[in-house]
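Peer 1: Dropping the sequence and predicted coords here.
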Amino acid sequence: MSTPHAVSPEKRLFLKERELNALLEITQAINLDPTEDSLYKIFQFTLLGQLNIRRLVLYVKEENNWHCVVSFGAGLPDFRRIPLPEVVEQSCTGSPCAVASLKLSREWEKLEMVIPVVTNGEVLAYVLIGNVHEDYVNEEATKFLETLSNILIGAIENRRLARQRVEAAAIRKEIEIAQEVQTMLFPRNLPNDSHVAVHASYVPHTAIGGDYYDVVPIDAQRFLFCVADVSGKGVPASLLMSNFQAGLRTLLRQQAELGTVVSELNNLIYRNAVSEKFITAFFGVYNRATRELEYVNAGHNSAILLSDDNEHQLLSEGTTMLGIFEELPFLHTHRVQVPLRSLLLTYTDGLTEVFDEAEGEFGEEGVLAFLRQNKYLPLPVLHRELLNAIKEFNTKGASFSDDITILSCRFK
């Protein structure tokens with residue numbers, strides 16, 4: 001910048017009028033509520049037209065990163081492609097700095113002054129100016145530039161905060177709705193009669209989990225039970241699960257066979273899933289009269305059927321996970337006879353994928369060992385004690401890395 005010189009009263013009045021016009025332009029633009037990009041352009045043309053500032057570069061801090069949003073002036077490179085030098089952050093933290101004093105590279109030599117825009121002790125933006133008219137080079141003028149820049153950046157920051165509040169409120173509402181949807185998916189009543197007792201537990205990892213369980217009467221003797229786990233979490237997972245449940249119940253009302261139910265659900269998920277989502281699931285249909293269990297395991301954890309004499313079967317046969325292929329490459333339904341006083345446990349992988357300090361996994365063996373010692377506990381107590389067991393085993397205590405769903409059937 002050139003050396004300051006004495007300014008006549010007439011010239012001083014003229015400069016103040018220009019400053020007032022610049023201030024009016026900026027405040028009117030803010031009140032018109034344009035986009036952030038439009039505000040930056042108005043700021044650029046206001047400094048050019050009213051204050052005769054010929055070169056302007058503006059860096060703004062967004063999410064702890066510096067972005068150049070204005071790069072204007074003859075002979076300047078496109079600073080949108082050039083990172084803000086660290087020396088600017090280190091040296092210009094409260095008051096304007098001369099560019100020459102910072103010893104920057106040649107691409108910065110046509111700029112003369114760096115003006116930090118500070119709010120609550122934090123620099124939110126840097127205004128770099130060059131080729132300034134000699135009438136507008138004194139300290140008072142620089143102060144006005146600081147004020148004008150503060151008004152602009154403050155308005156944009158307020159808009160950003162307001163937008164974040166609106167977005168956060170929308171997300172909270174989405175989560176609230178998805179939680180309500182997920183709660184409605186779970187059955188209100190579970191079988192408990194002279195033939196069988198069923199109990200379920202659900203421990204979500206996040207506000208909206210990706211697990212699902214259901215128990216649906218088919219007729220006087222048969223009911224279907226299902227445990228499923230959708231890849232991913234949040235609202236998309238919740239919506240996919242609601243489609244899954246609606247499809248499942250519609251097919252059961254149509255008296256579809258279990259193999260048809262699984263095949264049609266695969267087709268439904270394939271058509272409705274986004275971002276390569278898929279579902280693993282275990283489906284079982286129990287007949288009280290024949291004590292026969294028909295099942296399909298669709299890429300899910302093996303259900304454990306534990307007899308009265310501690311012999312066990314792992315129910316792992318069926319098909320692959322749902323939603324990956326338009327048509328399942330194979331599908332087999334299996335039937336097993338259920339012994340008297342046996343226990344069946346189905347669950348999602350959050351139950352077994354728990355690790356101790358030595359990186360040992362609780363795993364299927366841990367679940368089976370627990371069941372052998374505690375199979376006669378009332379089902380609600382058995383679930384509670386099993387969850388306590390994995391909490392004690394887990395290095396993180398009650399903080400699990402995934403949702404946990406347990407559904408158990410005691411066959412009398």
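Peer 2: Yep, that arrived.
Peer 1: Which residue comes closest to K277 once chain neighbours are left out?
Peer 2: Leaving aside its sequence neighbours, K277 sits nearest to S231 (CB to CB, 6 or more residues apart in numbering; 5.0 Å). Glycine gets a C-beta too; all of them are placed from N, C-alpha and C.
Peer 1: Tell me how many other residues surround the one you found.
Peer 2: 17 (other CB atoms under 10 Å).
Peer 1: can you tell me how far it sits from F355?
Peer 2: 21 Å (CB to CB, to the nearest Å).
Peer 1: can you check Q373 too?
Peer 2: 21 Å.
Peer 1: related to what we said a few turns ago, ramachandran angles for the residue nearest to K277?
Peer 2: With angles defined as degrees, to the nearest 10, S231 sits at phi -70, psi 140.
Peer 1: who's in contact with it?
Peer 2: For S231, the contact set (CB atoms under 8 Å, 6 or more residues apart in numbering) comprises G210, A237, E276, K277, F278, I279.
Peer 1: Now a ChimeraX select for only the buried ones of these.
Peer 2: Remark: buried members of the contacts of S231, expressed as a ChimeraX selection using 16 or more other CB atoms under 10 Å:
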select :210,237,277,278,279
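Peer 1: Is it correct that V118 falls within a strand?
Peer 2: Yes. Judged by DSSP: H, G, I helix; E, B strand; the rest coil, V118 forms part of a strand.
Peer 1: Pairing-wise in the sheet, spell out the partners of it.
Peer 2: V123 (DSSP bridges).
Peer 1: Touching, it and Y126? I think so.
Peer 2: No. Applying CB atoms under 8 Å, one finds V118 not in contact with Y126, separated by 10.3 Å.
Peer 1: Just the strands from the stretch 51-200 of the chain, written as ranges.
Peer 2: Taking DSSP state E, counting those that start in this stretch, the strands of the stretch 51-200 of the chain run over residues 53-62, 65-72, 97-98, 113-119, 122-132, 196-203.
Peer 1: top helix in this protein by residue count?
Peer 2: helix 139-185 (DSSP state H).
Peer 1: now the angle between strand 196-203 and that one, please.
Peer 2: For helix 139-185 against strand 196-203, the angle by axes from the mean of the first three to the mean of the last three CA atoms, to 10 degrees is 180 degrees.
Peer 1: Report all helices and strands that helix 139-185 contacts.
Peer 2: helix 9-31, helix 36-49, strand 53-62, strand 113-119, strand 122-132, strand 211-217, helix 234-253 (3 or more CB pairs under 8 Å, 6 or more residues apart in numbering; DSSP states H and E).
Peer 1: which pair in the contacts of S231 spans the largest distance?
Peer 2: Farthest pair in the contacts of S231 (CB to CB) is G210 and E276. Separation: 14.0 Å.
Peer 1: low-confidence ranges in the stretch 201-350 of the chain?
Peer 2: 206-209, 233-234, 274-276 (pLDDT under 70).
Peer 1: Tell me where it has strands.
Peer 2: 211-217, 222-230, 279-287, 292-298, 303-306, 312-315, 318-319, 334-337, 342-347.
Peer 1: Run through who's touching the shortest one.
Peer 2: What it means is strand 318-319. So strand 318-319 is in contact with 262, 266, 283, 295-299, 328-334, going by CB under 8 Å, 6+ apart.
Peer 1: Could you turn the buried ones of those into a PyMOL selection?
Peer 2: Remark: buried members of these, expressed as a PyMOL selection using 16+ other CB under 10 Å:
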select buried, resi 262+266+283+295+296+297+298+299+328+331+333
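Peer 1: Which single one of the contacts of strand 318-319 is nearest to L340?
Peer 2: Checking the contacts of strand 318-319 against L340 with CB to CB, the nearest one is Y295 at 18.9 Å.
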